[in-house]
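Visitor: Below are the sequence and a predicted model; questions follow.
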2 protein chains.
Amino acid sequence: KTPKKWVALDVNVFFLPLRNTATLISGRELARQIHREVQSEILEMVAQGYRRPHLSVILVGNDPASHCYVRNKTRTATALGMSSSTVFRPESVSQDELLDLIDSMNRERRVSGVLVQLPLPEHISERAVCNAVAPEKDVDGFHIVNVGKLSLDQRCMIPATASAVWEIIRRTGIETVGKNVVVVGRSKNVGMPIAMLLHSDRRHERPGGDATVTITHRCTPRPQLKEISRLADIIISAAGVPHLITADMVKEGAAVIDVGINRVQNTTSGELCLVGDVDFEGVREKAAFITPVPGGVGPMTIAMVMKNTVIAARNALIH
Amino acid sequence: KTPKKWVALDVNVFFLPLRNTATLISGRELARQIHREVQSEILEMVAQGYRRPHLSVILVGNDPASHCYVRNKTRTATALGMSSSTVFRPESVSQDELLDLIDSMNRERRVSGVLVQLPLPEHISERAVCNAVAPEKDVDGFHIVNVGKLSLDQRCMIPATASAVWEIIRRTGIETVGKNVVVVGRSKNVGMPIAMLLHSDRRHERPGGDATVTITHRCTPRPQLKEISRLADIIISAAGVPHLITADMVKEGAAVIDVGINRVQNTTSGELCLVGDVDFEGVREKAAFITPVPGGVGPMTIAMVMKNTVIAARNALIH
């Protein structure tokens, strides 16, 4: 009957045992959503008498991971009703041959999207190759003009991983306006475009998240990373460092998006397995939302490449 | 004789009366440094038998501030041994006429740098105009390819205000690697490029500051701005809001760079005067370094336009 008694107690005493673990965001389920949308867009195009979108991929060398990524993309393309083709070239391919190949794909009207799987061998300039793809067919969003447009909040091809993170946040209903976001990692294909999307103005041509964004990276001292991440409503880790984000760095109720894909050896079984940057078991006890690895950002990234290809095909009809 | 007595006292009691106010960074003095470098570069070019660099400016309409900025730039150019010319057009100029004018400047070998003073009238697309300037003559750094290159840490024309902030930090000897930087304001010509320069890798083609950078803006709630700015080793304010940055938001010993240029009316005299975003008198008691307004970033911005023009002239000799 005396409310004072209640007030005197730490509220956490009540909530701690009742607290749920984080809602697991299924990248696979969200990717299926996108797939359905892409599929019906393709059906509509075909019904209107247009050609199916076509994705052309260039794959250099024998890296098993690259082959796996490309297979996933082309298989998904086929499953969604697109056509696709992969041109394989050996590690020894010359830059000129690659540029010629890209040029022919740029000219080919049948080709909606061109994708050159990275990384490329040392003797080839990735920048020159990315800039050779016609900006309107550049489904990876790596052409210098697409990078510039992204930075100016203009409509453009957005790198698929950044788009994936954006869609995960949007479709999960996580608020960004005026929220604190920490992006861990500043790579030009992932961390930088994510920071660009999230900090920019929601009323611009390409809407942004209107969040306060902190970009952290390998030069950020660990204590400072912790200090800043504990203020974050959303943590997006794209550093490629297993167990970088631990529970003590996460604010109660934050959303944690794990973009890391790290191959680590299981200490007992010796098997290779995939882990993200986030200490999943610990962080899920504290976060409100968390993406798993695998099954989080990964499937969404492939879905966004599909979406970019259909956008490119649609744009080609208009222009 | 009893050290315990000393320990018991708050150390601030000793330091407060002894504490120095911030070192005032003179943008005018640093600009003179850059001017001397630009001047001797021009003398060298002339001695080598090359033409003097030439800055071509396009000025549309009658905005007094724009006329003042342009006059400052062309006067400085002349003082440093460059030639310059300004083409005036009325508010009613068509976009096509502007594009034609830019095109002729792009083709003119004598012209090293082309600068279109912003803002432009409503009926003209600033983006189309900025993209019309040849990237290698784009001394404002606003062409989409220069924006893309800046975002990818490639060598490029860097927007003058961002360069100015960078040079102020460098030449004052303020450490950035692993430090916390807060950029207040996300404009595409100022805040965004400053964040890009400061967060990126110092070993890249266009070296960055390797700092942890937080981008804040009008959607950042004031308490969060304060919470984050109090962690900052460097605060760069480019919001255009007088008295936005107050002493309670500044960490003892921080560097505060004021990019704001606000015209406010003096409440007693009624006169218009220039103030920055920083509550100068309060903040100088707490910061280690501070730039004044006027006389801080402003003169350095003009100096960096001069430097960009000479860089453009040099590059034209090489290519």
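Guide: Cool, got the structure.

Visitor: What residues does whichever residue of the stretch 101-250 of chain A sits closest to chain B make contact with?
Guide: Residue of the stretch 101-250 of chain A nearest chain B, by Cβ to the nearest Cβ: residue A:148 (3.4 Å). Bear in mind the C-beta positions are built from the backbone N, C-alpha and C, glycine included. If a contact means Cβ atoms under 8 Å, 6 or more residues apart in numbering or on different chains, then residue A:148 has B:144-149, B:151 as its contacts.

Visitor: ok, now residue A:179?
Guide: Here residue A:179 is in contact with A:211-212, A:233-234 (criterion: Cβ under 8 Å, 6+ apart).

Visitor: What of residue A:192?
Guide: Applying Cβ under 8 Å, 6+ apart to residue A:192 gives the contacts A:186, A:215, B:151.

Visitor: all strands of chain A, in order?
Guide: Counting by DSSP state E, one finds strands in chain A at the ranges A:23-24, A:54-60, A:83-89, A:113-116, A:180-184, A:212-216, A:234-237, A:255-258, A:262-265, A:272-275, A:289-290.

Visitor: what's the offset of the fifth one from the middle of its chain?
Guide: Taking the mean of its C-alpha atoms, strand A:180-184 sits 15 Å from the chain's own mean (Cα atoms, centre = their mean, to the nearest Å).

Visitor: rewinding a little: mind giving me JSON lines with the strands of chain A and columns for mean pLDDT?
Guide: Shown next, in JSON lines, are those (pLDDT from 0 to 100):
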{"stretch": "strand A:23-24", "mean pLDDT": "96"}
{"stretch": "strand A:54-60", "mean pLDDT": "98"}
{"stretch": "strand A:83-89", "mean pLDDT": "98"}
{"stretch": "strand A:113-116", "mean pLDDT": "98"}
{"stretch": "strand A:180-184", "mean pLDDT": "99"}
{"stretch": "strand A:212-216", "mean pLDDT": "98"}
{"stretch": "strand A:234-237", "mean pLDDT": "98"}
{"stretch": "strand A:255-258", "mean pLDDT": "98"}
{"stretch": "strand A:262-265", "mean pLDDT": "92"}
{"stretch": "strand A:272-275", "mean pLDDT": "92"}
{"stretch": "strand A:289-290", "mean pLDDT": "98"}
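
Visitor: Can you tell me which residues in the stretch 101-250 of chain A are near chain B?
Guide: A:127, A:144-154, A:177-178, A:180, A:186, A:188, A:192, A:195-196, A:199-201, A:210-217, A:219-221, A:224-225, A:227-228, A:231 (Cβ under 8 Å from any Cβ of the partner chain).

Visitor: Now do the helices in chain A.
Guide: Assigned by DSSP state H, chain A shows helices spanning A:3-8, A:11-18, A:27-47, A:64-79, A:95-107, A:126-132, A:144-151, A:160-172, A:191-199, A:222-229, A:280-283, A:297-318.

Visitor: Please name the nearest non-neighbouring residue to residue A:189.
Guide: Leaving aside its chain neighbours, residue A:189 sits nearest to residue A:159 (5.4 Å; criterion: Cβ to Cβ, 6 or more residues apart in numbering or on different chains).

Visitor: what's the pLDDT at the one you found?
Guide: Predicted confidence (pLDDT) for residue A:159: 98.

Visitor: repeat for residue A:303
Guide: For residue A:303, the pLDDT comes out at 98.

Visitor: In terms of pLDDT, where does residue A:10 sit?
Guide: 46.

Visitor: Distance from stretch A:213-229 to the middle of the chain?
Guide: Distance, stretch centre to chain centre, for stretch A:213-229: 21 Å (Cα atoms, centre = their mean).

Visitor: Name the residues that touch that stretch?
Guide: Stretch A:213-229 is contacted by residues A:180-186, A:191-192, A:195, A:198-199, A:232, A:235, A:239, A:245, A:248-251, B:177-178, B:180, B:195, B:199, B:201, B:210-215, B:228, B:231 when judged by Cβ under 8 Å, 6+ apart.

Visitor: Show me which positions of it end up buried.
Guide: A:213-217, A:219-220, A:224-225, A:228-229 (16 or more other Cβ atoms under 10 Å in any protein chain shown).

Visitor: do stretch A:295-315 as well
Guide: Buried positions in stretch A:295-315, judged by neighbour count with 16+ other Cβ under 10 Å: A:295-314.

Visitor: ditto for stretch A:268-288
Guide: A:275-280, A:282-284, A:286-288.

Visitor: Show the end-to-end separation of that stretch, please.
Guide: Taking Cα to Cα, to the nearest Å, the first and last residues of stretch A:268-288 lie 31 Å apart.

Visitor: Quick one: residues in contact with it.
Guide: A:19, A:21-24, A:184, A:237-247, A:250-256, A:258-266, A:290-294, A:296.

Visitor: list the contacts for the nearest residue to residue A:236 once chain neighbours are set aside?
Guide: Using Cβ to Cβ, 6+ apart and skipping the chain neighbours, the partner closest in space to residue A:236 is residue A:257 (4.5 Å). The neighbours of residue A:257, taking Cβ under 8 Å, 6+ apart as the test, are A:25, A:165, A:168-169, A:234-237, A:291, A:296-297.

Visitor: and of those residues, the nearest to residue A:88?
Guide: residue A:297 (27.1 Å; Cβ to Cβ).

Visitor: wouldn't the closest one be in contact with residue A:167 here?
Guide: No: using Cβ atoms under 8 Å, residue A:297 is not in contact with residue A:167, being 9.9 Å away.

Visitor: Low-confidence regions, the stretch 101-250 of chain A specifically.
Guide: For the stretch 101-250 of chain A, applying pLDDT under 70 flags no range at all.
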